[in-house]
Every structure is written in C-alpha cells, then in structure tokens.
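Asks: let's see this in three dimensions:
(one chain, ligands or ions: 1)
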Amino acid sequence: MRIIFLGPPGAGKGTQAARIVAKHGIPQLSTGDMLRAAVAAGTPIGVKAKAVMDAGGLVSDEIVIGIVAERIEEADCKKGFILDGFPRTLAQAEALDVMLASKGLSLDTVLELKVDQSKLVGRIVKRAEEARAAGQPVRKDDDPEVFTARLDAYNRDTAVVTPYYAARGQVIEIDGMQPIDAVTAAIETALLGH
Ligand code: AMP
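Replies: Numbering: from 1, shown residues only. Modelled structure (predicted):
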C-alpha cells in the first residue's frame with residue numbers, strides 16, 4: 001500500500017501516519033523527521049536545512065526529493081509506505097511520479113486531512129504545552145510565529161498539490177477536526193477499498 005498524507009501543518013498527519021504504521025506494518029516516511037535527524041546529526045543536508053526549518057520555510061525541492069528517492073530504495077519500503085509531509089510542492093509531486101514510474105509502481109491513495117486553519121495555531125500551542133509537561137523536547141518550529149510562517153508556506157506552495165492528485169480522482173477527504181480516534185476510524189474506512 002502506497003499512501004500520501006496531505007494537509008496543513010498541525011492537521012494530525014504524523015499522529016495518524018504512526019497509527020497506520022502500527023496497524024498495517026508499512027513505514028512512515030516523514031520528510032520532517034528525516035530533516036530533523038539530519039539537523040541533529042549535523043550532516044551537510046542538515047546544516048543547509050536548519051535555518052530554513054527554523055524560520056518555517058520549505059527546504060529546497062532538490063534536497064527533499066533526494067532524501068525521499070534514497071529512502072524508498074530501502075528494503076522496508078517494498079511492502080509500501082506512507083508519505084507524511086511530502087510532496088509539498090508541485091515539483092516534488094512530479095518528481096515522485098517519476099520515481100514511482102521508474103519502478104513500475106503507483107500510488108494507492110491520497111488522504112487529505114481537512115482542518116479549520118483558524119484552529120491550528122491553538123492546536124499547536126497545546127501540542128507544545130503537552131510535550132513540555134511530559135518532559136519531551138518541544139519543536140522549535142511549533143512557536144506560534146514560526147508556525148504561522150509554516151501555514152503561509154503551506155497555502156503558498158503546498159495547497160496546489162491536492163488538486164494535482166484530485167484531477168486524477170485519487171484524493172479521499174478526511175475530516176481532521178474530529179477526535180483523534182474518529183479520524184483514525186475514518187482513515188481505516190477509506191483504506192478498506194485499497
Ligand atoms: P514537518 O515535520 O512535516 O512539519 O516538517 C518540518 C519542516 O521540515 C518544514 O516546516 C520544512 O521546513 C521542512 N520540510 C519537511 N518536509 C518538507 C518537504 N517535503 N519540502 C520542503 N521542506 C520540508
């Protein structure tokens with residue numbers, strides 16, 4: 001099963017993708033996680049990406065496409081994967097098409113988590129508070145100001161990705177404003193047909 005998760009930052013893509021991993025045993029390919037790991041490890045990609053990520057902007061297509069291309073070559077992706085946070089631009093979506101076509105593969109479904117953007121900043125403040133209370137590290141880019149920049153980047157560069165897949169009839173909309181378990185249930189129902 002090859003799935004893409006679309007939706008703005010804070011929509012719950014990471015949370016829901018982790019649940020699909022647990023249930024279906026396919027890996028979650030989160031470009032955000034991969035980039036954060038590169039930053040933490042101080043790799044050349046991490047060094048390049050850090051300032052952009054800290055400001056809530058988008059890392060270059062070239063870098064991100066490169067890390068996804070490498071990652072989907074790994075053995076655990078043979079059964080499928082869930083892309084979380086990629087593609088985020090039309091160029092990335094087109095590059096993904098080329099990558100998959102060169103392997104004779106295609107996407108099974110594109111899930112779009114629909115949320116009310118005016119509620120997202122509040123959600124993200126809560127996520128940061130909960131992480132802090134649990135003694136977990138708080139994402140630097142979950143600061144309300146940086147988060148607003150991330151939302152702007154989404155509306156400017158990423159919102160066009162949904163129509164790209166919708167034109168092929170591949171998008172299934174999920175109401176992401178429901179409680180977490182209800183969102184999971186809606187996703188499982190959507191995946192039943194695949
Ligand atoms: P995320 O964890 O998906 O919210 O991503 C965190 C940050 O990583 C984003 O705000 C971007 O700076 C960067 N990033 C993650 N995925 C991508 C992508 N596909 N294209 C460009 N930048 C990305």
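
Asks: please count neighbours and contacts with C-alpha atoms only from this point.
Replies: Noted.

Asks: and stretch 95-112, what's its mean pLDDT?
Replies: The pLDDT scores in stretch 95-112 average 95.

Asks: how about the lengthiest helix in the chain, does it get close to the ligand?
Replies: Taking DSSP state H as the criterion, the chain has its longest helix at helix 117-133. No: counting by CA under 6 Å from any ligand atom, no contacts exist between helix 117-133 and the ligand, the nearest distance being 11.0 Å.

Asks: next SSE downstream of that helix?
Replies: Following helix 117-133 in sequence order, the next helix or strand is helix 144-153 (DSSP states H and E).

Asks: which other helices and strands does the helix or strand following that next one contact?
Replies: Once the chain leaves helix 144-153, the next helix or strand it forms, by DSSP H and E, is helix 161-166. Applying 3 or more CA pairs under 8 Å, 6 or more residues apart in numbering; DSSP states H and E, we find helix 161-166 packed against helix 90-102.

Asks: buried residues of the helix it packs on, list them for me.
Replies: Of the residues in helix 90-102, 90, 92-93, 95-96, 99 count as buried by neighbour count, 16 or more other CA atoms under 10 Å.

Asks: likewise stretch 77-94?
Replies: In stretch 77-94, counting by 16+ other CA under 10 Å, buried: 77, 80-90, 92-93.

Asks: same for the ligand: which of those are within range?
Replies: Near the ligand, judged by CA under 6 Å from any ligand atom, the entries from those are 85-88.

Asks: for the longest helix of the chain, output the C-alpha coordinates as PDB.
Replies: The C-alpha trace of helix 117-133 is given here as PDB (Å, rounded to 0.1, in the frame of the first residue of the first chain):
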ATOM      1  CA  GLN A 117      -6.900  26.600   9.700                       C
ATOM      2  CA  SER A 118      -8.100  29.200  12.200                       C
ATOM      3  CA  LYS A 119      -8.000  26.400  14.900                       C
ATOM      4  CA  LEU A 120      -4.500  25.200  14.000                       C
ATOM      5  CA  VAL A 121      -2.400  27.700  16.000                       C
ATOM      6  CA  GLY A 122      -4.400  26.800  19.100                       C
ATOM      7  CA  ARG A 123      -3.700  23.100  18.500                       C
ATOM      8  CA  ILE A 124       0.000  23.700  18.000                       C
ATOM      9  CA  VAL A 125       0.300  25.700  21.200                       C
ATOM     10  CA  LYS A 126      -1.400  22.800  23.000                       C
ATOM     11  CA  ARG A 127       0.900  20.300  21.400                       C
ATOM     12  CA  ALA A 128       3.900  22.300  22.600                       C
ATOM     13  CA  GLU A 129       2.400  22.600  26.200                       C
ATOM     14  CA  GLU A 130       1.800  18.800  26.300                       C
ATOM     15  CA  ALA A 131       5.300  18.000  25.200                       C
ATOM     16  CA  ARG A 132       6.700  20.400  27.700                       C
ATOM     17  CA  ALA A 133       4.600  18.900  30.500                       C
END
